[in-house]
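Engineer: Make a model of this:
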Amino acid sequence: SQLQASGGGLVQPGGSLRLSCAVTQSRYNYYSIAWFRQAPGKEREGISFLSPLGSSTHYADSVKGRFTISRDSAKNLAYLQMNSLKPEDTAAYYCALGTKWPAYDSVDYDHWGRGTQVTVSS
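Structural biologist: Below is the predicted model of the structure:
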């Protein structure tokens, strides 16, 4: 896989986690990056999106103001900082790479990593 997500775990409501996505795609800086999540029995949801070169971001209403997407091009990494976590944030989280922008749907992304599980529970 060209992407590998990590950093998931168990956290209490109100807590924080930072997910990382390691990217091996060449010219990574010219790709859009996104984080999706999928909870059991629910459809996959796109939650955070970052444009090529990192000039623009877009967030789903469900995470706006709590989550921040970023990239470190020098290290070929992407991040999802998650604050004020809620039980409804419990899901498997996936990072994805694409060539389009704006791109807010899963069909816009060509490369996917394996998910990392986030569980928010007391």
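Engineer: what sits opposite Leu50 in the beta ladder?
Structural biologist: Judged by DSSP bridges, the bridge partners of Leu50 are Ile33, Thr57.
Engineer: May I have the predicted confidence score for the residue nearest the centre of the chain?
Structural biologist: The chain has Trp35 as the residue nearest its centroid, 2.3 Å off, counting by Cα atoms, centre = their mean. Note on Trp35: pLDDT of 98.
Engineer: what does Arg27 give?
Structural biologist: Value listed for Arg27 in the pLDDT field: 83.
Engineer: Need the phi and psi values for it.
Structural biologist: phi 60, psi 40 (degrees, to the nearest 10).
Engineer: Could you give the number of residues near it?
Structural biologist: The number of residues packed near Arg27 is 7, by other Cβ atoms under 10 Å. Heads up, the C-betas are built off the backbone N, CA and C, glycines and all.
Engineer: change the start of the numbering to 34 and stick with it
Structural biologist: Yep, numbering from 34; the last one is Arg60 now.
Engineer: what sits up against stretch 88-104?
Structural biologist: 62, 66-68, 78-84, 87, 110-118, 121-122, 134-135, 137 (Cβ atoms under 8 Å, 6 or more residues apart in numbering).
Engineer: at 7 Å what do you get?
Structural biologist: Applying Cβ atoms under 7 Å, 6 or more residues apart in numbering, the contact partners of stretch 88-104 are 66, 68, 78-83, 87, 110-117, 135, 137.
Engineer: Can you flag the buried ones in these?
Structural biologist: With burial judged by 16 or more other Cβ atoms under 10 Å, the buried subset of the contacts of stretch 88-104 is 66, 68, 79-83, 87, 110-113, 115, 137.
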